[in-house]
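[1] Quick one, fold the following:
(4 chains)
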Number of protein chains: 2
Amino acid sequence: MESSRDRRVIRTKAIIRTAFTNLIEEKGFDALTVKDITTRAEINRGTFYLHYRDKYDLLEQNEQELIQGLIGILSTMQPVIDIEQVLPQIVRVFEYLGEHADFLKTILGPKGDPSFHALLRKMMSEHLFEKNVVPFIRKENALVPINYLVSYIASAHFGIIQEWLMQGRQESPQEIASIIFKLSALGPLYAAGVVKDSKQVTDRR
Amino acid sequence: MESSRDRRVIRTKAIIRTAFTNLIEEKGFDALTVKDITTRAEINRGTFYLHYRDKYDLLEQNEQELIQGLIGILSTMQPVIDIEQVLPQIVRVFEYLGEHADFLKTILGPKGDPSFHALLRKMMSEHLFEKNVVPFIRKENALVPINYLVSYIASAHFGIIQEWLMQGRQESPQEIASIIFKLSALGPLYAAGVVKDSKQVTDRR
DNA sequence: TAAACAAATGAACACTGCGTTGATTATCTT
DNA sequence: AAGATAATCAACGCAGTGTTCATTTGTTTA
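    Residues are numbered from 1 along each chain as shown, chains lettered A, B, ... in the order given. Below you'll find the predicted structure:
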């Protein structure tokens, strides 16, 4: 299309991208120089600046690309009626995440970009829960403030994503969706078999 | 004690620390130069190097200080018998976190240090759940893999901490402990009032 | 309080990476 | 095949790094 049909550009951007991803994993994003990237990519340093303003721009463009893809998926999903309809939606999301595992794994890891952590969490809150869960909450029934509920779920699911990626995606998206569902619907302690019945605890305070 | 009883050192380290914290909040850690810090702290740049190897060392020392304090608290706690005994423990932790809110807020925020995120999450897993929760799990009862359970809970609680700090700690440690307890023991969806009874969902798959 | 010590300052050093430029070469599109 | 543009190469001033050394300032302790 309009955006850079020149094969040289495609090639250059691709090798920059992989060099970048690998180097983040090795040294971490901020210990990283443009020179590192161009050396690794076997590219003239000036060429880098033909495509990116600086290393932050490079990071941002890669992140945006990924985010846009995710938005594309999430926006096609209509709000669920029955709570179990979320399962295939979760599967779809994890399929997509799996396709970008390399980049995600590094960027969400300990040497990654915390602002991307925040961005992704925010997206999960907005597109998933505030559309699918929050509407079902009758305020008078909620036992905890809603913002904490949302943070709890968003972070928890975020943690599942991280664990899945870091362990090398051993489970299928279906398995993961099932795990998430059980944990959130039944409660982590119930799912663990620690608490036998929610009731046991309900009437305490 | 032995470590630097000279008042000049105390003073210098203190002003470096606050300048550092403020600057992280303003520009983010990696957009930050040693010169920025010393200028803000109204300190000779050479003085900085008298105390820290570089800005990463400064970050690490501050983080370690905080972590050690947390370990000190966690290690005095004996494993709980009844699951509700964790409540005062959670309270104690949040009291401590509250004392260091300024630093934590920035370092756990979008401009913070992702490796510290990981470190704190790991600590929570090890000291809290693997000591207090995991032993109670009978493997045959667990509906989900334990590593996912641990990730789920650790991240979820991590999210609560972040939300609490970012919103300016409006709730007391007691309130937060109660919120966490409800969410984890009853399950987030139950606590939200979305699911009426866990049973409703238990026998599906 | 005075002497001895240690911290903080200020100025200079070479070094590394940054972001940009202009001329030249290589590769692509039409 | 011709024209366009991407990539290269070498060079530039600039900013921040981490180190040094002589000097001044402050703190401790005898």
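[2] Now do the helices for chain A: every range, in order, please.
    Using DSSP state H, the helices found in chain A span residues A:7-27, A:34-41, A:45-51, A:55-75, A:86-99, A:101-107, A:114-123, A:130-132, A:146-166, A:173-186, A:188-192, A:199-202.
[3] need the residues of chain A near DNA strand D, please.
    By the rule CB under 7 Å from any atom of the strand, the part of chain A lying against DNA strand D is A:4, A:6, A:8-9, A:11-12, A:42-47, A:50-51. In this view, the C-beta of every residue, glycine as well, is placed from N, C-alpha and C.
[4] 10 Å - rerun?
    Contact residues (CB under 10 Å from any atom of the strand) of chain A with DNA strand D: A:4-16, A:38, A:41-51.
[5] before we move on, the earlier item: redo the helices of chain A as a markdown table? Include mean pLDDT.
    Putting those into a markdown table (pLDDT from 0 to 100) gives the following:
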| stretch | mean pLDDT |
| --- | --- |
| helix A:7-27 | 96 |
| helix A:34-41 | 98 |
| helix A:45-51 | 98 |
| helix A:55-75 | 94 |
| helix A:86-99 | 94 |
| helix A:101-107 | 93 |
| helix A:114-123 | 94 |
| helix A:130-132 | 75 |
| helix A:146-166 | 96 |
| helix A:173-186 | 95 |
| helix A:188-192 | 89 |
| helix A:199-202 | 46 |
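[6] just those helices: most buried one?
    Ranked by mean neighbour count, the helices of chain A are led by helix A:188-192 with a mean of 26 (mean count of other CB atoms under 10 Å in any protein chain shown).
[7] quick one: residue A:102 and residue A:37, what's the gap?
    16 Å (CB to CB, to the nearest Å).
[8] count of neighbours near the nearest residue to residue A:98 once chain neighbours are set aside?
    With sequence-adjacent residues excluded and distances taken as CB to CB, 6 or more residues apart in numbering or on different chains, residue A:98 is closest to residue A:169, at 5.8 Å. Residue A:169 has 15 neighbouring residues, counting by other CB atoms under 10 Å in any protein chain shown.
[9] what sits against residue A:37?
    A:16, A:19-20, A:23, A:43, A:48, A:55, A:58 (CB atoms under 8 Å, 6 or more residues apart in numbering or on different chains).
[10] Check the gap between the residue nearest the centre of chain A and residue A:128 for me.
    The geometric centre of chain A, computed from its C-alpha atoms, lies nearest to residue A:120 (CA atoms, centre = their mean), at 5.2 Å. Distance of residue A:120 to residue A:128, computed by CB to CB: 11 Å.
[11] Likewise for residue A:146?
    15 Å.
[12] who's in contact with residue A:90?
    Contacts of residue A:90 by CB under 8 Å, 6+ apart are A:173, A:176-177, A:180-181.
[13] quick check, nearest of these to residue B:158?
    Ranking these by separation from residue B:158, with CB to CB as the measure, puts residue A:180 on top at 16.7 Å.
[14] For that closest one, give me its contacts.
    With contacts taken as CB under 8 Å, 6+ apart, residue A:180 has the following neighbours: A:90, A:157, A:160.
[15] just residue A:135 next, same as before
    When contacts are counted by CB under 8 Å, 6+ apart, residue A:135 is found next to residue A:79.
[16] how close does it sit to residue B:192?
    11 Å.
[17] before we move on, what about residue A:186?
    For residue A:186, the distance to residue B:192 (CB to CB) stands at 13 Å.
[18] Identify the residue spatially nearest to residue A:156, adjacent ones excluded.
    residue B:156 (3.7 Å).
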